[in-house]
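Q: give me coordinates for this.
(chains A and B)
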There are 2 protein chains.
Amino acid sequence: MLKAPWVLLIVDMQNDFVLPGTVLCVAGAQATIPAIAYAADWFRARGWPVVYVVREHVADGSDVERTRLGLFRRYPFLVPGTPGCEIVSGLEPRPGDLRIVKQRWSAFMHTELGWVLRRMGIERIAVSGTQIPNCLRVTLFDAVCHGYEAVLLTDASSAQTPAVARHNRDDLRQIGVECLSMHAFAVARDAEA
Amino acid sequence: MLKAPWVLLIVDMQNDFVLPGTVLCVAGAQATIPAIAYAADWFRARGWPVVYVVREHVADGSDVERTRLGLFRRYPFLVPGTPGCEIVSGLEPRPGDLRIVKQRWSAFMHTELGWVLRRMGIERIAVSGTQIPNCLRVTLFDAVCHGYEAVLLTDASSAQTPAVARHNRDDLRQIGVECLSMHAFAVARDAEA
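A: Below you'll find the predicted structure:
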């Protein structure tokens, strides 16, 4: 069983959230692909786990939030087996990476993430992906609630606009979530080693 | 058993969050007391439930978030039996009001709120109190996750600054949470009657 001090979460980097022209496209997401790929390789090189957190919905929409159901019925999104549900090109999972499926914003809500992290002895979580005000923010709030140390990787995360990203990072710092670039994160980990 | 279409949540309007000079004081909270009192009376007059959601911590801090534990050890907050834990003057609960105790930001996290609302047949939640970026926001996210219709009462909720309140309302609208003044909310309910 892998034991590691940190885990990297890569959240919602699926075509329906990232590719221009999709109904849920996050404007800033595509530009973060190289930074997330770099972060994932940095974790893998240390033998630290990389977890892909993905959103999926059944084709009839029965597990979609009430506030998005009208949109889903017109333009179904994140249905397994469709191209929109796949991880975006450039971030292909590697052997040994883990995968957590969710139906809501938080990676912890009604998923096995907490059990998997406990088994690995992990108490510290680095979050990347999209988008900062929704999935990343509530995942980070839940991480703090459950007792983890939590970091947002600023250059490996995105929102619709730089202003939205900035306001949300300000709020996250207020609850004790560090917001660091991947390089600053790496320097801090090397300093601990 | 009370059946009602809407519930009013009054979140964290305790002295330690509201009174100037307390370590967790939310700058905008005290000014909202009249609007929250008005909202509570409006709900009570219709026989619709009013739920006080409060945060409490044990005196040794064992249930405090890791990111706030240092602060708690220097300045304990929200400990039952201390004045700081009491509901702020001007918002005293009335007979028939309900009370939910939480240790985290969301009113749903590890509380009986969902069971109580189901028993009352409630699918629609109006949120008031403090503060918008933390407890109110994650409670509203959780409300949407669990399938409720959710509204933030704008004049009955607060943050450290008007800008923080505004940015968070913008984000909440993006996930389908209506942000209405108490008067606009009342007009909308009257129009449905």
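Q: what's around residue A:104, how many residues?
A: Using other C-beta atoms under 10 Å in any protein chain shown, residue A:104 has 21 neighbouring residues. For glycine as for every other residue, the C-beta is placed from the backbone atoms N, C-alpha and C.
Q: contacts only, for it.
A: If a contact means C-beta atoms under 8 Å, 6 or more residues apart in numbering or on different chains, then residue A:104 has A:65, A:110, B:145 as its contacts.
Q: per-residue confidence at it?
A: Listed pLDDT for residue A:104 reads 97.
Q: show the contacting residues for residue A:97.
A: Shown in contact with residue A:97 (C-beta under 8 Å, 6+ apart): A:40, A:44, A:49, A:50, A:51, A:52.
Q: what strand or helix carries the residue nearest to residue A:46 when sequence neighbours are not counted?
A: Spatial nearest neighbour of residue A:46, excluding adjacent residues (C-beta to C-beta, 6 or more residues apart in numbering or on different chains): residue A:4 at 7.8 Å. In the assignment (DSSP states H and E), residue A:4 maps to no helix and no strand.
Q: does the helix or strand hosting residue A:72 reach chain B?
A: For residue A:72, the enclosing helix or strand under DSSP H and E is helix A:69-74. No: on the criterion C-beta under 8 Å from any C-beta of the partner chain, helix A:69-74 is out of touch with chain B, staying 9.6 Å away.
Q: could you name the helices and strands sitting against whichever helix or strand comes after that helix?
A: Next along the chain after helix A:69-74, taking DSSP H and E as the criterion, comes strand A:98-102. Applying 3 or more C-beta pairs under 8 Å, 6 or more residues apart in numbering or on different chains; DSSP states H and E, one finds that strand A:98-102 contacts strand A:50-55, helix A:113-119.
Q: where along chain A do the strands fall?
A: Per DSSP state E, chain A carries strands over the ranges A:6-11, A:50-55, A:98-102, A:124-130, A:149-158, A:178-180.
Q: okay if I get those strands as a markdown table plus mean neighbour count?
A: As requested, the strands of chain A are exported to a markdown table (neighbours: other C-beta atoms under 10 Å in any protein chain shown):
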| stretch | mean neighbour count |
| --- | --- |
| strand A:6-11 | 25 |
| strand A:50-55 | 22 |
| strand A:98-102 | 16 |
| strand A:124-130 | 26 |
| strand A:149-158 | 24 |
| strand A:178-180 | 19 |
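Q: got CSV for those strands, with distance to residue B:154 too?
A: Output for these, formatted as CSV (distance: least, C-beta to C-beta, whole Å):
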stretch, distance to residue B:154
strand A:6-11, 30
strand A:50-55, 29
strand A:98-102, 30
strand A:124-130, 28
strand A:149-158, 28
strand A:178-180, 28
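Q: do you know which of these lies nearest residue A:28?
A: strand A:149-158 (3.4 Å; C-beta to C-beta).
Q: what are the pairing partners of the closest one, and which direction each?
A: strand A:124-130 (parallel), strand A:178-180 (parallel) (DSSP bridges).
Q: mean pLDDT added to those strands, as TSV?
A: Below are the strands paired with strand A:149-158 laid out as TSV (pLDDT from 0 to 100):
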stretch	mean pLDDT
strand A:124-130	98
strand A:178-180	98
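Q: could I get those strands as TSV with distance to residue A:84?
A: Shown next, in TSV, are the strands paired with strand A:149-158 (distance: least, C-beta to C-beta, whole Å):
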stretch	distance to residue A:84
strand A:124-130	14
strand A:178-180	29
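Q: ok, which of the ones you listed comes nearest residue A:73?
A: Evaluated over the strands paired with strand A:149-158, closeness to residue A:73 peaks at strand A:124-130, with 23.5 Å, by C-beta to C-beta.
Q: other residues contacting that closest one?
A: Outside strand A:124-130, the residues that reach it (C-beta under 8 Å, 6+ apart) are A:5-13, A:17-18, A:26, A:28-29, A:32, A:35-36, A:39, A:43, A:53, A:117, A:135-136, A:139-140, A:143, A:148-153, A:156-159, A:185.
Q: again with stretch A:18-36
A: A:10, A:13, A:15-17, A:71, A:75, A:77-78, A:84, A:88, A:90-91, A:128-131, A:153, A:155-162, A:165, A:182.
Q: mind listing what's buried in it?
A: Residues of stretch A:18-36 classed as buried: A:18-19, A:22, A:24-26, A:28-30, A:32-33, A:35-36 (neighbour count, 16 or more other C-beta atoms under 10 Å in any protein chain shown).
Q: re the thing from before, need the contact partners of the helix holding residue A:72.
A: Applying C-beta under 8 Å, 6+ apart, the set of residues contacting helix A:69-74 from outside is A:23, A:57, A:61, A:64, A:77.
Q: just the buried subset of these, please.
A: For the contacts of helix A:69-74, buried by 16+ other C-beta under 10 Å: A:57, A:61, A:64, A:77.
Q: from those residues, pick the one nearest chain B.
A: Using C-beta to the nearest C-beta, residue A:64 is the member of these that sits closest to chain B, with 10.3 Å.
Q: separation between the closest residue to that closest one other than its chain neighbours and residue A:84?
A: Among residues not flanking residue A:64 along the chain, residue A:72 sits closest, at 4.7 Å (C-beta to C-beta, 6+ apart). For residue A:72, the distance to residue A:84 (C-beta to C-beta, to the nearest Å) stands at 12 Å.
Q: what does residue A:42 give?
A: Distance from residue A:42 to residue A:84, counting by C-beta to C-beta: 28 Å.
Q: list the contacts for residue A:168?
A: By C-beta under 8 Å, 6+ apart, the neighbours of residue A:168 are A:132, A:133, A:137, A:159, B:167, B:171.
Q: start and end of stretch A:172-186, how far apart?
A: Its first and final residues considered, stretch A:172-186 spans 20 Å by C-alpha to C-alpha, to the nearest Å.
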